[in-house]
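S.K.: Whatever this is, show me its structure:
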Amino acid sequence: MSMDHNGEQGDRKRHEWVRKRRLDEVFGEVLPDTTRDERRPGSTSALSEDWYRENRPPHYDR
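M.R.: Numbering: from 1, shown residues only. Okay, here's the model as predicted:
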């Protein structure tokens, strides 16, 4: 009986993972996997605020 329960639980987790991947492909990842307070101090993200400022569209400067 526990094997069936574990199998169902694994299928559910796999289904949720696939669903999340599909949503991320369509809408983009809304929230990061970790928040700033969960990361080590001094660690930098590839998508830092500086990156957004450097790649800001020209129409935002108006």
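S.K.: Could you use CA atoms for every contact and neighbour count after this?
M.R.: Noted.
S.K.: Quick check on Glu54: phi, psi?
M.R.: The phi/psi pair for Glu54 (degrees, to the nearest 10) reads phi -70, psi -30.
S.K.: How confident was the prediction at it?
M.R.: Here the pLDDT value assigned to Glu54 is 85.
S.K.: Burial check on it, number of neighbours?
M.R.: Neighbour count for Glu54, taken as other C-alpha atoms under 10 Å: 8.
S.K.: ok, which stretches of the protein are strands?
M.R.: For the chain, applying DSSP state E gives no strands.
S.K.: Can you tell me the centre-most residue of the protein?
M.R.: Geometric centre of the chain, nearest residue: Pro32, 4.1 Å, by C-alpha atoms, centre = their mean.
S.K.: In terms of secondary structure, what does the lengthiest helix in the chain contact?
M.R.: Identified as the longest helix of the chain according to DSSP state H is helix 2-27. Packing partners of helix 2-27 (3 or more C-alpha pairs under 8 Å, 6 or more residues apart in numbering; DSSP states H and E): none among the helices and strands.
S.K.: Give me the distance between Glu8 and Arg21.
M.R.: 20 Å (C-alpha to C-alpha, to the nearest Å).
S.K.: Tell me how far the longest helix of the chain lies from the chain's centre.
M.R.: Here helix 2-27 is found 16 Å from its chain centre; the criterion is C-alpha atoms, centre = their mean, to the nearest Å.
S.K.: could you give me the average pLDDT of it?
M.R.: On average, helix 2-27 scores 84.
S.K.: Likewise for stretch 39-48?
M.R.: The model assigns stretch 39-48 a mean pLDDT of 68.
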